[in-house]
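Undergrad: Sharing a sequence plus its predicted fold:
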Amino acid sequence: MLLAERPRESSVDLNHFISTLDLEARSLEVSVRATPALRPFFTLDFRGQTRNDLVNAYLRLLKINADYVAYAVPMFRAAGEALRGGSAEDRAWSAVFLEHAEEEGKLHDASGHHLWARSDMAALGAPTVLLDAAPHPIVAPYARFFVDGARHHPYAVLGAKGVLEHLALRISDDLVNGVIASSIPGAENAVSFFRHQGIRDVDHVYAGDSTLARIHDSERRREVLAGAYFTSGCYRAFLHFAI
């Protein structure tokens, strides 16, 4: 049978569906820890690394994270808007997504992720030109998929959320400890982004996995998985091209 003729699976197994997010996060964790510029923070082996090497690597990591996190609210808002005119179940999820966008929007404006990242960058002496620089070009496909293309796969946003929150749980504590151990100037005041990521996402992961269990329709599950796979691919691109 030709690949194009292969029949579509009639269902997406629940256990596979839920575990995929953590499997993708585990794979990403390996990639993050193995990234040459970031490896010293995880191994605590700083031999051969200059102060500038370490500062610049961490600044690039903070910047790329701030760049894609800025799309969290637009992503959920776009997904919610895309589902407004759907079935009763779609409309229920629309309300969930729009409420999440509103809550995250308030956090984003008051003490959100981008402000934590900017504060950390400033603590390391980042110049204004870097703090206010446009998002790295590699972030554009991520924004197109989850914001501009939300009408084609509105449930994909849950895959992105799940993978990134699982990843944060796996790397945040070690990264914070590594940055502080590096003794780069200002390190103690430059870890709020990842410190908050690790703390906040413990509850978010459990709640998110519970939420995903409420999705029974296979097409919706496929969209979530597509979002998870797309996010993990984008994050690898971030590591390769921006760090």
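TA: In hand now; what should we look at?
Undergrad: In space, what's closest to the residue most central in space within the chain - neighbours in sequence excluded?
TA: What sits nearest the mean C-alpha location of the chain, by Cα atoms, centre = their mean, is residue 164, with 3.6 Å. Of all residues not flanking residue 164 in the chain, residue 231 sits nearest, at 6.5 Å (Cβ to Cβ, 6 or more residues apart in numbering). Yep, even glycine has a C-beta here, placed from its N, CA and C like the rest.
Undergrad: what packs against the helix or strand containing that neighbour?
TA: Element membership of residue 231 [criterion: DSSP states H and E] is helix 218-242. On a contact count with 3 or more Cβ pairs under 8 Å, 6 or more residues apart in numbering; DSSP states H and E, helix 218-242 meets helix 14-34, helix 51-69, helix 140-143, helix 156-181.
Undergrad: Let's see that with 7 Å instead.
TA: Under the contact criterion of 3 or more Cβ pairs under 7 Å, 6 or more residues apart in numbering; DSSP states H and E, helix 218-242 touches helix 14-34, helix 51-69, helix 156-181.
Undergrad: That helix: how far from the chain's middle?
TA: Distance, stretch centre to chain centre, for helix 218-242: 10 Å (Cα atoms, centre = their mean, to the nearest Å).
Undergrad: can you list the residues that contact that helix?
TA: 10-12, 17, 20-21, 24, 27-28, 31-32, 35, 60, 64, 136, 138, 141-142, 145, 153, 155-160, 162-164, 212, 215 (Cβ atoms under 7 Å, 6 or more residues apart in numbering).
Undergrad: Check stretch 149-156 too.
TA: 78, 79, 82, 83, 146, 220, 223, 224, 226, 227, 230.
Undergrad: Now tabulate these in JSON lines and tack on distance to residue 169.
TA: Output for the contacts of stretch 149-156, formatted as JSON lines (distance: Cβ to Cβ, whole Å):
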{"residue": "78", "distance to residue 169": "26"}
{"residue": "79", "distance to residue 169": "23"}
{"residue": "82", "distance to residue 169": "29"}
{"residue": "83", "distance to residue 169": "28"}
{"residue": "146", "distance to residue 169": "21"}
{"residue": "220", "distance to residue 169": "25"}
{"residue": "223", "distance to residue 169": "23"}
{"residue": "224", "distance to residue 169": "19"}
{"residue": "226", "distance to residue 169": "22"}
{"residue": "227", "distance to residue 169": "18"}
{"residue": "230", "distance to residue 169": "20"}
